[in-house]
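Asker: Give me a 3D structure for the following:
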Amino acid sequence: MTRHIDFDAIENFRDFGGYGTASGRTVRRGLLYRSANHAYASEADLRRMGELGLAAIIDLRRTEERTREPSRRWQGFSATVIENDIRSEHPDWAEAMRGVEIDAQWFLDDGIGYYRRAPFEARHIDLFNRYFQTLAGAEGAIVVHCAAGKDRTGLICALTLHVLGVDADDIVADYLLTNDESRIARKMAFLGPWLRDNVGKAVDEAALRVAVSVSSTYLETALGVICATHGSIDGYLTEVLGVDAGLRDRLQARLLA
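Answerer: Purely as a prediction, here's the structure:
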(Lines give C-alpha, C1' and ligand atoms only; values in the text may rest on other atoms or scores of the structure.)
Protein backbone atom coordinates (compact mmCIF):
# COMPACT_ATOMS: atom_id res chain seq x y z
CA MET A 1 0.00 0.00 0.00
CA THR A 2 1.46 3.37 -1.06
CA ARG A 3 1.05 6.04 1.59
CA HIS A 4 3.47 8.73 0.46
CA ILE A 5 2.06 11.23 -2.02
CA ASP A 6 4.72 12.89 -4.15
CA PHE A 7 4.69 16.68 -4.32
CA ASP A 8 7.27 18.92 -5.93
CA ALA A 9 8.19 20.78 -2.74
CA ILE A 10 6.08 19.51 0.18
CA GLU A 11 7.92 16.82 2.09
CA ASN A 12 6.57 13.74 3.85
CA PHE A 13 3.01 14.14 2.57
CA ARG A 14 1.11 10.94 3.20
CA ASP A 15 -2.25 9.35 3.96
CA PHE A 16 -2.24 7.78 7.41
CA GLY A 17 -5.54 5.95 7.00
CA GLY A 18 -6.03 2.38 5.83
CA TYR A 19 -5.07 0.52 9.00
CA GLY A 20 -7.14 -2.25 10.59
CA THR A 21 -8.41 -1.75 14.13
CA ALA A 22 -9.30 -3.81 17.18
CA SER A 23 -13.00 -3.50 16.30
CA GLY A 24 -12.45 -5.20 12.95
CA ARG A 25 -13.15 -1.98 11.08
CA THR A 26 -10.62 -0.07 8.96
CA VAL A 27 -9.46 3.55 9.12
CA ARG A 28 -10.80 5.26 6.01
CA ARG A 29 -8.38 6.39 3.30
CA GLY A 30 -8.55 9.89 1.86
CA LEU A 31 -9.53 11.67 5.07
CA LEU A 32 -6.32 11.78 7.14
CA TYR A 33 -3.24 13.42 5.70
CA ARG A 34 0.02 14.56 7.28
CA SER A 35 2.94 16.52 5.88
CA ALA A 36 5.78 18.94 6.37
CA ASN A 37 5.13 22.68 5.95
CA HIS A 38 3.61 24.16 2.80
CA ALA A 39 5.85 27.22 2.48
CA TYR A 40 7.69 25.95 -0.60
CA ALA A 41 4.71 24.44 -2.43
CA SER A 42 4.83 24.79 -6.21
CA GLU A 43 1.81 25.91 -8.20
CA ALA A 44 1.27 22.27 -9.16
CA ASP A 45 1.44 21.30 -5.47
CA LEU A 46 -1.20 23.89 -4.62
CA ARG A 47 -3.51 22.63 -7.35
CA ARG A 48 -3.07 19.07 -6.14
CA MET A 49 -3.81 19.99 -2.53
CA GLY A 50 -6.86 21.87 -3.71
CA GLU A 51 -8.13 18.63 -5.27
CA LEU A 52 -7.91 16.64 -2.01
CA GLY A 53 -11.12 18.06 -0.57
CA LEU A 54 -9.41 19.48 2.50
CA ALA A 55 -11.84 20.89 5.06
CA ALA A 56 -9.15 21.82 7.59
CA ILE A 57 -5.42 22.37 7.92
CA ILE A 58 -3.88 21.99 11.37
CA ASP A 59 -0.58 23.89 11.52
CA LEU A 60 1.35 22.86 14.64
CA ARG A 61 4.20 25.31 14.11
CA ARG A 62 5.14 28.15 16.44
CA THR A 63 4.42 31.76 15.54
CA GLU A 64 8.07 32.37 14.59
CA GLU A 65 8.13 29.30 12.35
CA ARG A 66 5.00 30.43 10.51
CA THR A 67 6.49 33.90 10.10
CA ARG A 68 9.80 32.53 8.84
CA GLU A 69 8.16 30.13 6.36
CA PRO A 70 4.59 31.29 5.66
CA SER A 71 2.19 28.77 4.17
CA ARG A 72 1.13 29.03 0.56
CA ARG A 73 -2.54 28.53 -0.33
CA TRP A 74 -4.33 27.60 -3.53
CA GLN A 75 -6.81 29.71 -5.45
CA GLY A 76 -10.25 29.56 -3.86
CA PHE A 77 -8.83 28.35 -0.54
CA SER A 78 -11.59 28.03 2.07
CA ALA A 79 -10.38 25.38 4.51
CA THR A 80 -10.41 26.05 8.25
CA VAL A 81 -6.90 26.70 9.61
CA ILE A 82 -6.08 25.65 13.17
CA GLU A 83 -3.02 27.34 14.70
CA ASN A 84 -2.11 29.33 17.80
CA ASP A 85 0.27 31.95 19.16
CA ILE A 86 0.75 30.47 22.62
CA ARG A 87 4.37 30.99 23.62
CA SER A 88 6.50 27.97 24.42
CA GLU A 89 8.65 27.80 27.54
CA HIS A 90 11.44 26.35 25.40
CA PRO A 91 13.48 27.98 22.62
CA ASP A 92 12.71 27.53 18.96
CA TRP A 93 14.71 24.67 17.40
CA ALA A 94 16.80 27.08 15.35
CA GLU A 95 17.47 29.29 18.36
CA ALA A 96 18.49 26.30 20.50
CA MET A 97 21.38 25.58 18.11
CA ARG A 98 23.02 28.95 18.45
CA GLY A 99 26.19 28.99 20.53
CA VAL A 100 26.51 25.20 20.90
CA GLU A 101 28.33 22.42 19.06
CA ILE A 102 25.94 20.60 16.73
CA ASP A 103 26.52 16.95 15.83
CA ALA A 104 24.51 13.74 15.49
CA GLN A 105 24.41 13.19 19.26
CA TRP A 106 23.07 16.71 19.80
CA PHE A 107 20.15 16.04 17.47
CA LEU A 108 19.42 12.68 19.13
CA ASP A 109 19.50 14.13 22.65
CA ASP A 110 17.45 17.13 21.57
CA GLY A 111 14.84 14.81 20.06
CA ILE A 112 14.51 12.70 23.20
CA GLY A 113 14.21 15.79 25.37
CA TYR A 114 11.63 17.27 23.05
CA TYR A 115 9.42 14.18 23.08
CA ARG A 116 9.60 14.06 26.87
CA ARG A 117 8.03 17.51 27.23
CA ALA A 118 5.96 17.85 24.03
CA PRO A 119 2.76 16.15 25.29
CA PHE A 120 2.48 18.68 28.13
CA GLU A 121 3.30 21.99 26.45
CA ALA A 122 0.35 24.38 26.71
CA ARG A 123 0.46 25.24 23.02
CA HIS A 124 0.36 21.58 22.03
CA ILE A 125 -2.48 20.79 24.41
CA ASP A 126 -4.53 23.61 22.85
CA LEU A 127 -3.71 22.54 19.28
CA PHE A 128 -4.22 18.83 19.91
CA ASN A 129 -7.58 19.44 21.62
CA ARG A 130 -8.78 21.64 18.75
CA TYR A 131 -7.43 19.13 16.24
CA PHE A 132 -9.56 16.30 17.68
CA GLN A 133 -12.64 18.51 17.88
CA THR A 134 -12.15 19.62 14.28
CA LEU A 135 -11.42 16.10 13.09
CA ALA A 136 -14.67 14.81 14.56
CA GLY A 137 -16.81 17.43 12.87
CA ALA A 138 -15.06 18.32 9.62
CA GLU A 139 -16.93 17.59 6.42
CA GLY A 140 -13.99 16.45 4.36
CA ALA A 141 -10.32 15.56 4.70
CA ILE A 142 -7.78 17.20 7.01
CA VAL A 143 -4.03 17.64 6.82
CA VAL A 144 -1.96 18.10 9.96
CA HIS A 145 1.57 19.41 9.66
CA CYS A 146 4.43 21.09 11.48
CA ALA A 147 7.78 22.20 10.05
CA ALA A 148 9.27 18.86 8.96
CA GLY A 149 6.12 16.77 9.46
CA LYS A 150 7.83 14.25 11.69
CA ASP A 151 7.82 15.10 15.43
CA ARG A 152 4.79 17.15 16.50
CA THR A 153 2.92 15.70 13.55
CA GLY A 154 4.17 12.20 14.33
CA LEU A 155 2.93 12.41 17.92
CA ILE A 156 -0.58 13.65 17.11
CA CYS A 157 -0.96 11.09 14.30
CA ALA A 158 0.08 8.30 16.67
CA LEU A 159 -2.52 9.47 19.20
CA THR A 160 -5.14 9.63 16.44
CA LEU A 161 -4.50 6.05 15.37
CA HIS A 162 -4.63 4.95 19.02
CA VAL A 163 -8.05 6.59 19.46
CA LEU A 164 -9.26 4.72 16.38
CA GLY A 165 -8.09 1.37 17.77
CA VAL A 166 -5.05 0.73 15.57
CA ASP A 167 -2.55 -1.81 16.95
CA ALA A 168 0.53 -0.38 18.67
CA ASP A 169 2.93 -2.06 16.24
CA ASP A 170 1.11 -0.51 13.27
CA ILE A 171 1.22 2.88 14.96
CA VAL A 172 5.00 2.68 15.34
CA ALA A 173 5.40 1.40 11.77
CA ASP A 174 3.36 4.32 10.46
CA TYR A 175 5.43 6.77 12.50
CA LEU A 176 8.66 5.32 11.08
CA LEU A 177 7.52 5.83 7.47
CA THR A 178 9.11 9.27 7.80
CA ASN A 179 12.44 7.44 7.38
CA ASP A 180 11.73 6.60 3.75
CA GLU A 181 15.22 6.23 2.31
CA SER A 182 14.31 7.61 -1.11
CA ARG A 183 13.45 10.90 0.58
CA ILE A 184 16.21 11.11 3.19
CA ALA A 185 18.85 12.42 0.76
CA ARG A 186 16.47 15.08 -0.54
CA LYS A 187 15.63 16.24 2.98
CA MET A 188 19.30 16.31 3.96
CA ALA A 189 20.11 18.35 0.84
CA PHE A 190 17.50 20.91 1.88
CA LEU A 191 18.34 21.04 5.60
CA GLY A 192 22.10 21.54 5.24
CA PRO A 193 21.82 24.88 3.39
CA TRP A 194 18.81 25.88 5.54
CA LEU A 195 20.88 25.49 8.72
CA ARG A 196 23.75 27.39 7.18
CA ASP A 197 21.54 30.27 6.04
CA ASN A 198 19.18 30.49 9.03
CA VAL A 199 21.33 29.35 11.95
CA GLY A 200 24.87 29.84 10.71
CA LYS A 201 25.76 26.19 11.28
CA ALA A 202 27.66 23.80 9.02
CA VAL A 203 26.47 20.29 9.92
CA ASP A 204 27.97 17.02 8.67
CA GLU A 205 26.02 14.27 6.90
CA ALA A 206 25.77 12.02 9.96
CA ALA A 207 24.13 14.82 11.94
CA LEU A 208 21.83 15.76 9.07
CA ARG A 209 20.62 12.17 8.79
CA VAL A 210 19.65 12.12 12.45
CA ALA A 211 18.02 15.54 12.13
CA VAL A 212 15.68 14.53 9.28
CA SER A 213 14.83 11.09 10.69
CA VAL A 214 12.71 9.75 13.52
CA SER A 215 13.49 6.98 15.99
CA SER A 216 11.09 4.61 17.72
CA THR A 217 12.84 5.75 20.91
CA TYR A 218 11.33 9.20 20.42
CA LEU A 219 7.75 7.98 20.29
CA GLU A 220 8.37 5.47 23.09
CA THR A 221 9.69 8.35 25.21
CA ALA A 222 6.57 10.46 24.71
CA LEU A 223 4.15 7.60 25.29
CA GLY A 224 6.15 6.41 28.30
CA VAL A 225 5.96 9.83 29.96
CA ILE A 226 2.25 10.03 29.14
CA CYS A 227 1.59 6.65 30.77
CA ALA A 228 3.75 7.43 33.79
CA THR A 229 1.88 10.69 34.36
CA HIS A 230 -1.71 9.67 33.52
CA GLY A 231 -1.70 5.90 33.89
CA SER A 232 -2.36 5.21 30.22
CA ILE A 233 -2.60 6.86 26.82
CA ASP A 234 -6.38 6.89 27.21
CA GLY A 235 -6.04 8.64 30.56
CA TYR A 236 -3.98 11.39 28.94
CA LEU A 237 -6.40 11.72 26.04
CA THR A 238 -9.33 12.13 28.40
CA GLU A 239 -7.77 14.19 31.18
CA VAL A 240 -5.51 16.47 29.13
CA LEU A 241 -6.90 16.60 25.58
CA GLY A 242 -10.61 16.19 26.35
CA VAL A 243 -11.06 13.12 24.16
CA ASP A 244 -13.87 11.60 26.22
CA ALA A 245 -16.08 8.64 25.30
CA GLY A 246 -18.48 10.83 23.31
CA LEU A 247 -15.75 12.43 21.21
CA ARG A 248 -14.09 9.07 20.67
CA ASP A 249 -17.38 7.64 19.38
CA ARG A 250 -17.78 10.57 16.98
CA LEU A 251 -14.23 10.12 15.68
CA GLN A 252 -14.69 6.41 15.15
CA ALA A 253 -18.08 6.88 13.46
CA ARG A 254 -16.59 9.34 10.98
CA LEU A 255 -13.21 7.75 10.33
CA LEU A 256 -13.81 3.99 10.43
CA ALA A 257 -15.34 1.93 7.63
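Asker: Assumed Asp45 was part of a helix.
Answerer: Yes: the assignment for Asp45 by DSSP: H, G, I helix; E, B strand; the rest coil puts it in a helix.
Asker: neighbours around it, how many?
Answerer: 19 (other C-beta atoms under 10 Å). (C-beta placed from N, C-alpha, C; glycine too.)
Asker: So it sits against Glu11, correct?
Answerer: No: with contact defined as C-beta atoms under 8 Å, Asp45 does not reach Glu11; the gap is 10.9 Å.
Asker: show me the contacts for the nearest residue in space to Pro70 that is not next to it in sequence.
Answerer: Computed as C-beta to C-beta, 6 or more residues apart in numbering, the closest residue to Pro70 that is not its neighbour in sequence is Ala39, at 6.0 Å. Applying C-beta atoms under 8 Å, 6 or more residues apart in numbering, we find Ala39 in contact with Glu69, Pro70, Ser71, Arg72.
Asker: Report the buried members of those residues.
Answerer: Glu69, Ser71, Arg72 (16 or more other C-beta atoms under 10 Å).
Asker: Can you tell me which of these is closest to Tyr114?
Answerer: Glu69 (19.0 Å; C-beta to C-beta).
Asker: so Arg250, which of the three states?
Answerer: Put simply, Arg250 is helix when judged by three-state DSSP.
Asker: typo on my end, Leu247
Answerer: Relying on three-state DSSP, one would call Leu247 helix.
Asker: rewinding a little: go through the buried ones among the contacts of Ala39 and name the one nearest Tyr33.
Answerer: Among the buried ones among the contacts of Ala39, and counting by C-beta to C-beta, the member closest to Tyr33 is Ser71, at 14.5 Å.
Asker: how far away is that closest one from Ala44?
Answerer: 16 Å (C-beta to C-beta, to the nearest Å).
Asker: Nearest residue to the middle of the chain?
Answerer: For the chain, the residue nearest the mean C-alpha position is Thr153 (0.9 Å; C-alpha atoms, centre = their mean).
Asker: who touches stretch 224-232?
Answerer: Applying C-beta under 8 Å, 6+ apart, the set of residues contacting stretch 224-232 is Tyr115, Arg116, Pro119, Phe120, Ile233, Gly235, Tyr236, Glu239, Val240.
Asker: What is the burial count for the third one?
Answerer: When you say that, I think you mean Pro119. Residues near Pro119, counting by other C-beta under 10 Å: 23.
Asker: That one in helix, strand or coil?
Answerer: helix.
Asker: Now do Gln252: how many residues are near it, please.
Answerer: Neighbour tally, Gln252, other C-beta under 10 Å: 17.
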